[in-house]
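Peer 1: Predicted model and sequence follow; I will ask about them next.
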Amino acid sequence: MNDRSSHRPILMFDSGVGGLTVLREARVLMPDRRFVYVADDAAFPYGAWEEPALRVHILELFARLLDRFAPAISVIACNTASTLVIEALRERFPGHPFVGMVPAIKPAAERTRSGLVSVLATPGTVKRQYTRDLISKWASKCHVRLVGSDRLAPLAEIYMRDGFVDEEAVRAEIAPCFVERDELRTDIVVLACTHYPFLANRMRKTAPWPVDWLDPAEAIARRAVSLLADIDPNGRGEVLPEGADLAVFTSNRTDFPTRRLLQGFGLAMS
């Protein structure tokens, strides 16, 4: 059996608790690895930032994180951060592998039968040229509607901490995703924010008709596995506690519901 403590950890990064959806899938595929989950909650929500300032903030934060934990690989489990800063991270830290998370537009275009696809994302992801380039490259034959929500990620945070959510608020946020055109209907909605899968059951309940809600978490975890094959597992960094993986919240503040949530995911606060 592999000794988990002898391996460099995998760093999982998001603006809040949404990246736990990716951590969940990564643990299934990599049960022998240690994880450090970093929630940049001091800067949440990223959509409220100007892009240049957010880019600088994330780069400076990663300089500290990589020095502290010496991870084998970093997974940017956040569409907003990935579409904004993934290339800058690779340029700034050329010896370190990064796995980014971008909207699952290609698989959506491959699966749709109606040709009507919606991408449900944060406003930041919606306005990125990166997102539009993905549509041009992979979904030029589809009608793709971009829907930017500034409320769903906070609603997901509330739901994960408190166990309840305003279903009418969820209904209002997802309503623009549903398009009827030439007797056809939207049949796929891309969940382009890691927070959103936590609300998937509420989305199904409040949707006007059934669709395929496309969550890319497993694909991102598989990409991380493929890159780890060529990485030296040994290295120096902060020693993680025995048993639980580590959670780091940049605000250094967590309430009881958040700590309970993290405990349920097998995470110990730093």
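Peer 2: Great, that's in hand. In this text the structure is predicted, and so the values were computed from the model without any measurement.
Peer 1: so residue 133 is in which element?
Peer 2: Counting by DSSP states H and E, the element that carries residue 133 is helix 129-138.
Peer 1: avg pLDDT for that helix?
Peer 2: Mean pLDDT, computed over helix 129-138, is 91.
Peer 1: Contacts for that helix next, please.
Peer 2: 83, 102, 103, 105, 106, 109, 119, 121, 125, 144, 146, 192 (C-beta atoms under 8 Å, 6 or more residues apart in numbering). (C-beta placed from N, C-alpha, C; glycine too.)
Peer 1: Okay, and which of those residues map to helices?
Peer 2: When the contacts of helix 129-138 are checked against helices (DSSP state H), the matches are 83, 105, 106, 109, 125.
Peer 1: Help me confirm that the last one comes into contact with residue 104.
Peer 2: No - taking C-beta atoms under 8 Å as the definition, residue 125 is not a contact partner of residue 104, at 11.9 Å.
Peer 1: Name the residues contacting each of these two.
Peer 2: Any residue near both residue 125 and residue 104 by C-beta under 8 Å, 6+ apart counts here, and that gives residue 192.
Peer 1: Now do the buried residues in the top helix by length along the chain.
Peer 2: Secondary structure of the chain per DSSP H: the longest helix is helix 51-69. By neighbour count on 16 or more other C-beta atoms under 10 Å, the buried set for helix 51-69 is 54, 55, 57, 58, 61, 62, 65, 66, 69.
Peer 1: Could you point out the helix or strand that follows that helix?
Peer 2: Downstream of helix 51-69, the first helix or strand assigned by DSSP H and E is strand 73-76.
Peer 1: Tell me which other helices or strands that following strand touches.
Peer 2: When contacts are defined as 3 or more C-beta pairs under 8 Å, 6 or more residues apart in numbering; DSSP states H and E, strand 73-76 packs onto strand 10-14, helix 51-69, helix 79-92, strand 98-99, helix 217-228.
Peer 1: Tell me where the model's unsure across the stretch 101-250 of the chain.
Peer 2: Within the stretch 101-250 of the chain, the segments meeting pLDDT under 70 span 232-243.
Peer 1: Run through the strands of it in chain order.
Peer 2: Along the stretch 101-250 of the chain, counting by DSSP state E, counting those that start in this stretch, strands occupy 116-121, 143-148, 180-181, 184-185, 188-192, 212-214, 245-249.
Peer 1: can I get those strands in CSV with distance to residue 255?
Peer 2: Output for the strands of the stretch 101-250 of the chain, formatted as CSV (distance: least, C-beta to C-beta, whole Å):
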stretch, distance to residue 255
strand 116-121, 27
strand 143-148, 28
strand 180-181, 42
strand 184-185, 41
strand 188-192, 26
strand 212-214, 29
strand 245-249, 10
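Peer 1: export these to TSV and tack on distance to residue 89 and mean neighbour count?
Peer 2: Shown next, in TSV, are those (distance: least, C-beta to C-beta, whole Å; neighbours: other C-beta atoms under 10 Å):
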stretch	distance to residue 89	mean neighbour count
strand 116-121	20	25
strand 143-148	24	20
strand 180-181	39	12
strand 184-185	39	14
strand 188-192	19	27
strand 212-214	25	19
strand 245-249	17	22
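Peer 1: Figure out which of those is closest to residue 43.
Peer 2: strand 245-249 (11.1 Å; C-beta to C-beta).
Peer 1: Could you check how far the closest one is from the centre of its chain?
Peer 2: Its chain's C-alpha centre and that of strand 245-249 lie 16 Å apart, by C-alpha atoms, centre = their mean, to the nearest Å.
Peer 1: swap in stretch 105-120?
Peer 2: The answer for stretch 105-120 is 19 Å, by C-alpha atoms, centre = their mean.
Peer 1: Please apply the same query to stretch 136-144.
Peer 2: The chain centroid and the centroid of stretch 136-144 are separated by 23 Å under C-alpha atoms, centre = their mean.
Peer 1: Great, nothing more from me.
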